[in-house]
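> my questions concern the predicted model and sequence given below.
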Amino acid sequence: MIYRAEIDGLRALAVVAVILFHAGLEAFEGGFVGVDVFFVISGYLITTILIKDIESNRFSFIEFYERRSRRILPALFFMMLVCILFSWFLMLPNQMKDFSQSILAVSLFVSNVLFWVESGYFEGAAEHKPLLHTWSLAVEEQYYLLFPVFLYATWRFGKNYVFWIIVFVSAVSLFFSEWGARHMPSANFYLAPARVWELLAGSITAFLLQRTGVRNNNYLSLIGIIAILASIFLYDDATPFPSFYGLVPVVGTVLLIIFASEETVVAKLLRTKVFVGVGLISYSTYLWHQPLLAFLKITDVNGGYIRFLAVILALVLGGFSWRFVEKPFREKMKVSRANFFGLTLGFVCLFSVFGLAGHLTNGFDMRVAKNIQDLVKFPDQQDEIAYAACAPIKKFRKEDRCVLGDKKNIIGALIGDSHSIMLWEPLHQRLEKLGIGVLSFSGAGCPPVLDVYRRDRHNSCVKSNLESYKFVRQNPNIEFVILSARWTLYVERERFNNQEGGVEMGTDVFVDVIQDGVEQVNAEAERKIKVLGAINNSISNLSQFGRKIYVVYPVPEVGFKPNERLAKNLHFKRNLSITHNYDTFLYRNRRVRSMFDKMRNSDGSIMFFDISDFICDKLTRRCKTVLETGELLYTDDNHLSDVGSDLIVDDIIGWISDTYEFSR
């Protein structure tokens, strides 16, 4: 196969985009498309090699898989070994358990499946995963495993027949990714069926180039690089991806591969020494960037200049790995086939044993003291919140957990997202003593607001909200409604930054309004106003039907997990703050708090509770996460523990007791 330096230059562009995106550089919010560029390049190169070998009757499965293994595994295994060393000393047991599971998954080439299973409401924890980026390697490995078998088996029917099968499968995968982006975004992102069209776009390119050769077209090659750059700088985490949006960087890459001959302006740029040099080490650099950034997160060393140094170090380690790991193992004269496969099997077994042991020992928890183990194991609501779903209504006949208190005397409803679920246990206990029951209409991550949708899960949330509000309106037995949600996140969209180094992990949450049954995509300022209006209208809607409404103000977000920070202070002998800034909280929540303040009314039909009055000090301007008794108020960076939730529930029960008379 003829070497094309511009392809290495394209690799450089892709890897830099990905790294700067993960490093948090705002200008590169669409840098994630660099992975899609890699997919197209991989599909093109692999298919080109396969076609040449099959047509010349030189194809061998063992040769193909050996070449791929020599290209991918040595640098990957080297990075994993170093990560194991650092994780042993830097990770708390819960983090080490997750890391061990990922070590096992990477060894079996299914890390994309693991990260899909772990994704969802708590996907923010992904930024603490040193091996998260291996999901893309798993997708490629699955393609490498199956595509040669398909090509070899169908080649006898003719090249043209094979080409159109690939086109058909690619089209099906593309339309599946468009559907999946709206209905099952996590699976759509991680799993091969929604990604294979990008690799097959490279395969289609290989077929076309075999017929025509590389063409010389300055205009089309320029359009190609502009398409890639546009997606890097214009896309962000609110862009449904992969989907039809993926056509922009994918088609751009295809245009570059087909039309950027070495005489074109774009090829001359990509063939410069800097681009080619970075492209040569792009794979190893890609391997190193995520562990470096993840370990900075884990150790709470996360300043902007530190991340910049991590990017530079990723390039240095990438160069070292390419020179001393990648290159030697590609040469059969230095490492024979038997020795290479023997080493590969040995490392797979080693990593599998380590991963399984880490899982079974809860992250090798014997490494830390018992009091630290207890802090890390602090009861939280993650499992409960992640799987809780008390809407639509039909589930109430089957799910007792959706009824809080006395099931025989239901007179209230609880509507909200996970910030209502965090009230379940203390509310259930108090309501039982009162002899009344409350139906919980709770869906984690779903804004309990009519006429809005959350882009990554709008179908389920919109439906559950409609049914919940309808049920309350049509059932006169429901005398009061409690509303608790993470209101500010839905309005502001951005995850929380406490301005003291504590930045909430995860992607932004894009919520917008629906008008006349049609989803809107408004300018940001207009979107915020409309979402605020939808919240106001939803609360007013319930009160107009004679229901008493109790609304919980936004819970102060923290920016870190208090139990983990306490554990780090003990384990690493550090003095990280376990309080956060009151003024940052007020500024972050200014829009929602101002609206709620205006909604207070004199007749008491809409009541509000502000937990910041109890956990924030107006003199010191700090908000606490731990009581003086040592009890934790939070289970993570925004959900209250049962102790914290008690403060809200005390006020709710007091309000209910003052408002209604009950037969004991």
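The structure has been received and is ready for your questions. The shown structure was predicted, so the numbers you read here are calculated from the model rather than taken from an experiment. Numbers count the residues shown, from 1 in each chain.

> burial of residue 473, as a residue count?
Neighbour count for residue 473, taken as other C-beta atoms under 10 Å: 15. Heads up, the C-betas are built off the backbone N, CA and C, glycines and all.

> please apply the same query to residue 216.
By the criterion of other C-beta under 10 Å, residue 216 has 14 neighbours.

> report the contact partners of the closest residue to it other than its chain neighbours.
Of all residues not flanking residue 216 in the chain, residue 261 sits nearest, at 4.2 Å (C-beta to C-beta, 6 or more residues apart in numbering). Contacts for residue 261 (C-beta atoms under 8 Å, 6 or more residues apart in numbering) come out as 214, 215, 216, 217, 267.

> what score does the first one have for pLDDT?
On the pLDDT scale, residue 214 is placed at 93.

> same check on the last one?
The pLDDT attached to residue 267 in the predicted structure is 96.

> which SSE is it in?
helix 265-270 (DSSP states H and E).

> mind listing what's buried along that helix?
266, 267, 270 (16 or more other C-beta atoms under 10 Å).

> stretch 425-435 now?
For stretch 425-435, the neighbour count (16+ other C-beta under 10 Å) marks 425, 426, 427, 428, 430, 431, 434 as buried.

> list the contacts for the third one?
Taking C-beta under 8 Å, 6+ apart as the criterion, residue 427 is in contact with 404, 405, 414, 438, 645, 649, 652.

> mind redoing it with 7 Å?
Contact analysis of residue 427 by C-beta atoms under 7 Å, 6 or more residues apart in numbering lists 404, 438, 649, 652.

> now render those as a markdown table, adding distance to residue 463.
Shown next, in a markdown table, are these (distance: C-beta to C-beta, whole Å):
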| residue | distance to residue 463 |
| --- | --- |
| 404 | 22 |
| 438 | 22 |
| 649 | 29 |
| 652 | 27 |
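
> pLDDT-wise, which helix or strand of this structure ranks last?
Within the chain, no helix or strand scores below helix 382-387, which has a mean of 45 by mean pLDDT, DSSP states H and E.

> show the pLDDT at the closest residue to residue 163 other than its chain neighbours.
Nearest residue to residue 163, sequence neighbours excluded (C-beta to C-beta, 6+ apart): residue 207, at 4.9 Å. Confidence at residue 207, expressed as pLDDT, is 96.

> next: residue 341.
pLDDT, residue 341: 94.

> CA atoms only: put the helix or strand hosting it into PDB for me.
Element membership for residue 341, per DSSP H and E: helix 337-360. C-alpha atoms of helix 337-360 as PDB (Å, rounded to 0.1, in the frame of the first residue of the first chain):
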ATOM      1  CA  ARG A 337       4.900 -14.500  16.000                       C
ATOM      2  CA  ALA A 338       5.100 -17.300  18.600                       C
ATOM      3  CA  ASN A 339       6.600 -14.900  21.200                       C
ATOM      4  CA  PHE A 340       4.200 -12.100  20.400                       C
ATOM      5  CA  PHE A 341       1.100 -14.200  20.800                       C
ATOM      6  CA  GLY A 342       2.500 -15.800  23.900                       C
ATOM      7  CA  LEU A 343       3.100 -12.400  25.500                       C
ATOM      8  CA  THR A 344      -0.300 -11.200  24.400                       C
ATOM      9  CA  LEU A 345      -2.000 -14.200  26.000                       C
ATOM     10  CA  GLY A 346       0.000 -13.700  29.100                       C
ATOM     11  CA  PHE A 347      -0.900 -10.000  29.500                       C
ATOM     12  CA  VAL A 348      -4.600 -10.800  28.700                       C
ATOM     13  CA  CYS A 349      -4.600 -13.300  31.500                       C
ATOM     14  CA  LEU A 350      -2.800 -11.000  33.900                       C
ATOM     15  CA  PHE A 351      -5.100  -8.100  33.300                       C
ATOM     16  CA  SER A 352      -8.200 -10.400  33.500                       C
ATOM     17  CA  VAL A 353      -7.100 -11.800  36.900                       C
ATOM     18  CA  PHE A 354      -6.300  -8.300  38.200                       C
ATOM     19  CA  GLY A 355      -9.700  -7.000  37.000                       C
ATOM     20  CA  LEU A 356     -11.600  -9.800  38.500                       C
ATOM     21  CA  ALA A 357      -9.700  -9.600  41.800                       C
ATOM     22  CA  GLY A 358     -10.300  -5.800  42.000                       C
ATOM     23  CA  HIS A 359     -14.000  -6.400  41.400                       C
ATOM     24  CA  LEU A 360     -14.400  -9.200  44.000                       C
END
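
> contacts for that helix next, please.
With contacts defined as C-beta under 7 Å, 6+ apart, helix 337-360 is touched by 66, 69-70, 73, 77, 80, 84, 96-97, 99-101, 103-104, 107, 329, 364.

> can we see that at 8 Å?
Under the contact criterion C-beta under 8 Å, 6+ apart, helix 337-360 has outside partners 66, 69-70, 73, 77, 80, 84, 96-97, 99-108, 329, 335, 364.
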